[in-house]
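Engineer: Build the 3D model from these lines:
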Amino acid sequence: MDGYEPEFLKRLLEQMVLIRRFEEKAAQMYGLRKIGGFCHIYIGQEAVSTGSIAAIDLKKDYALTAYRDHGHAISVGMAPKIIMAELFGKITGCSRGKGGSMHLFDVDRHFYGGHGIVGAHIPLATGVALKVKYNNEDGVVLCFFGDGAVHQGAFHESLNMAGVWKLPVVYICENNQYGMGTDFRRVSAVHDLSSLSTSYNMPGKQVDGMDVLAVYENVTEAVKLARNESQPSLLEIRTYRYMGHSMSDPATYRTKEELQKHKQQDPILILKGKMTATGAITDEQYKQMDQQCKQTVAEAVEFAEASRVPAIETLYEDVFK
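Structural biologist: Predicted coordinates for the structure are as follows:
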């Protein structure tokens, strides 16, 4: 905890709490059929997006991710009400109600998705990094994906190109232990996914994804390499999702004991514990923070409920031929 300003730590903690409360409410709204389609909840993984995106400058850097993207959207600064409206399929959503849970975007904040096809955005992120280098910009790209995407050809092709061309990109594998319902160890010839970096001549490292400060420190180091030396890298951030793969998944493939064990490593409680021990926050201040996050999420639901559904003619808008 040495060297960190209390206000910085509070921002990290508040962001993780906001993501947690937002996701809990999203799951509730899905159960009430206010939200349709696919919906992938980020509960348990909050430290990854929070710590990683805190390490970049979104005025010049970029972030792309897969379909479990609510946490990343909040981390880049998108308004919860705009995100919730998108989940509700309303015209006031960030994708005008057309994208839903898996396709959150905010071009102004350099957040380019939210992508529904496993691994398909990894070449896109690599392309953004190529653009940055080609134009001699001072930017870095963070590319988030799950452990299941590592076994897609697009992953290997992208890392090879980034290694050959020395692109300013940090590939972040959010290893939450399961590709849908399959333990990643059953389908991967290597269990240390960060070791795959050696095939593409770039640094690789495993990171504790339940510790937001560990995430922040390691991503900061990788970002410096990318920015200063145009050196890409691969981080395997080990995390754990507390819910199923999506809202339709009861997660019966894991035991209650396993889940409970990982809940003892809750990223919110870990940071709160460190801050409480050093006097950076009190229990009363945390309660107030939590209450404010709950209020923000309640207001987001009210906004989404009150927003209009897209007019029928919008079916023909935003379509590129």
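Engineer: So I172 sits against F144, correct?
Structural biologist: Yes - shown here, I172 and F144 form a contact pair, counting by C-beta atoms under 8 Å, at 4.8 Å. Glycine gets a C-beta too; all of them are placed from N, C-alpha and C.
Engineer: where do the contact lists of these two overlap?
Structural biologist: When contacts are counted by C-beta atoms under 8 Å, 6 or more residues apart in numbering, I172 and F144 have 48, 52 as shared neighbours.
Engineer: Hmm, E299 is touching A79, no?
Structural biologist: No - E299 lies out of contact with A79 (C-beta under 8 Å); the separation is 10.0 Å.
Engineer: Next, the contact list for the residue nearest to F22 when sequence neighbours are not counted, please.
Structural biologist: Closest residue to F22 apart from its sequence neighbours, by C-beta to C-beta, 6 or more residues apart in numbering: V297 at 5.2 Å. By C-beta under 8 Å, 6+ apart, the residues touching V297 are 18, 21-22, 25, 80, 84.
Engineer: repeat that for 7 Å
Structural biologist: Going by C-beta atoms under 7 Å, 6 or more residues apart in numbering, V297 touches 21-22, 25, 80.
Engineer: again with E313
Structural biologist: When contacts are counted by C-beta under 7 Å, 6+ apart, E313 touches no other residue.
Engineer: what about it, distance to I91?
Structural biologist: Relative to I91, E313 is positioned 11 Å away (C-beta to C-beta, to the nearest Å).
Engineer: do the same with H156
Structural biologist: Between H156 and I91 the distance is 40 Å, computed by C-beta to C-beta.
Engineer: ok, and the most crowded of the contacts of V297?
Structural biologist: F22 (28 neighbours; other C-beta atoms under 10 Å).
Engineer: What helix or strand is that residue located in?
Structural biologist: helix 6-31 (DSSP states H and E).
Engineer: pLDDT averaged over that helix - what is it?
Structural biologist: Helix 6-31 carries an average pLDDT of 98.
Engineer: Just the CA atoms of the next helix or strand after it, as CSV, please.
Structural biologist: Once helix 6-31 ends, the next helix or strand along the chain (criterion: DSSP H and E) is helix 46-53. This file holds the C-alpha atoms of helix 46-53, laid out as CSV (Å, rounded to 0.1, in the frame of the first residue of the first chain):
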residue,chain,number,x,y,z
GLU,A,46,-13.9,-6.4,-11.1
ALA,A,47,-10.2,-6.0,-10.3
VAL,A,48,-9.1,-6.8,-13.9
SER,A,49,-10.8,-4.0,-15.8
THR,A,50,-10.5,-1.6,-12.9
GLY,A,51,-6.7,-2.1,-12.3
SER,A,52,-5.9,-2.4,-16.0
ILE,A,53,-7.7,0.7,-17.3
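Engineer: Can you give the distance from the helix or strand following helix 46-53 to the centre of its chain?
Structural biologist: Following helix 46-53 in sequence order, the next helix or strand is strand 62-64 (DSSP H and E). Distance of strand 62-64 from the chain centroid (C-alpha atoms, centre = their mean, to the nearest Å) equals 10 Å.
Engineer: Tell me the helices and strands packed up against strand 62-64.
Structural biologist: Judged by 3 or more C-beta pairs under 7 Å, 6 or more residues apart in numbering; DSSP states H and E, strand 62-64 is in contact with helix 121-134, strand 141-146.
Engineer: out of these, nearest to N160?
Structural biologist: helix 121-134 (9.7 Å; C-beta to C-beta).
Engineer: Give me the angle between the closest one and strand 141-146.
Structural biologist: Calculated by axes from the mean of the first three to the mean of the last three C-alpha atoms, to 10 degrees, helix 121-134 forms an angle of 170 degrees with strand 141-146.
Engineer: Output helix 121-134 as PDB, nothing but the C-alphas.
Structural biologist: The C-alpha trace of helix 121-134 is given here as PDB (Å, rounded to 0.1, in the frame of the first residue of the first chain):
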ATOM      1  CA  HIS A 121     -11.800  -8.700 -31.700                       C
ATOM      2  CA  ILE A 122      -8.100  -9.700 -31.100                       C
ATOM      3  CA  PRO A 123      -7.200  -8.900 -34.700                       C
ATOM      4  CA  LEU A 124      -9.200  -5.700 -34.500                       C
ATOM      5  CA  ALA A 125      -7.200  -4.600 -31.400                       C
ATOM      6  CA  THR A 126      -4.000  -5.600 -33.200                       C
ATOM      7  CA  GLY A 127      -5.100  -3.400 -36.200                       C
ATOM      8  CA  VAL A 128      -5.700  -0.400 -33.800                       C
ATOM      9  CA  ALA A 129      -2.100  -0.900 -32.500                       C
ATOM     10  CA  LEU A 130      -0.900  -1.000 -36.100                       C
ATOM     11  CA  LYS A 131      -2.700   2.300 -36.700                       C
ATOM     12  CA  VAL A 132      -1.100   3.800 -33.700                       C
ATOM     13  CA  LYS A 133       2.400   2.800 -34.800                       C
ATOM     14  CA  TYR A 134       1.900   3.700 -38.400                       C
END
